[in-house]
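Novice: With the input below, show me the fold.
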Amino acid sequence: MVHHGKRDTVQLSLVGQKLILAMVLGNQAPVGAARLCAQQVARKLETVLPRETPAKGGLRPEYVEAVKARLDEILD
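Specialist: I've put the predicted structure just below:
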């Protein structure tokens, strides 16, 4: 997930089942390069993290929307 604010961009990537990789970049950073870097780091982290069974159902959609709205408030 990517959020573009007025000053910063936040890139969030799921690593494995329970880890979130967060990258906060200035608005001058190329978003494509940040995504590529996040994917590479996530792949490397997955090789060293223990394997776990995913939780049933994942995140509720209303929770995801609430988090997105809060990020909009904080970063804009």
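
Novice: any idea of the pLDDT on the most centrally placed residue in the chain?
Specialist: Centroid-nearest residue in the chain, with Cα atoms, centre = their mean: Leu12, separated by 1.0 Å. With respect to pLDDT, Leu12 has a value of 87.

Novice: shouldn't it be in contact with Leu25?
Specialist: No. Applying Cβ atoms under 8 Å as the test, Leu12 and Leu25 come out as separate, 11.9 Å apart. C-betas here are computed from N, CA, C, even on glycine.

Novice: Next, count neighbours for Ser13.
Specialist: Using other Cβ atoms under 10 Å, Ser13 has 19 other residues around it.

Novice: contacting residues for it?
Specialist: Applying Cβ atoms under 8 Å, 6 or more residues apart in numbering to Ser13 gives the contacts Met1, Ile20, Leu21, Met23, Ala38, Gln39, Val41, Ala42.

Novice: any idea what sits nearest the third one, other than its immediate chain neighbours?
Specialist: What it means is Leu21. Closest residue to Leu21 apart from its sequence neighbours, by Cβ to Cβ, 6 or more residues apart in numbering: Ser13 at 4.5 Å.

Novice: again with the fourth one
Specialist: For Met23, the nearest residue in space outside its immediate sequence neighbours is Gln11; the separation is 4.3 Å by Cβ to Cβ, 6+ apart.

Novice: Out of the contacts of Ser13, which one has the lowest pLDDT?
Specialist: Within the contacts of Ser13, lowest confidence goes to Met1 (79).

Novice: Correct me if wrong: that one contacts Leu12.
Specialist: Yes. Met1 lies in contact with Leu12 (Cβ under 8 Å); the separation is 4.6 Å.

Novice: Could you give the bridge partners of the residue nearest to Met23?
Specialist: Listed by DSSP bridges, the beta-bridge partners for Gln11 are Val2, Met23.

Novice: What lies in contact with the one helix or strand Val67 maps to?
Specialist: With secondary structure defined by DSSP states H and E, Val67 is part of helix 61-75. With Cβ under 8 Å, 6+ apart as the test, helix 61-75 has contacts from Met1, His3, Gly5, Lys6, Arg7, Asp8, Val10.
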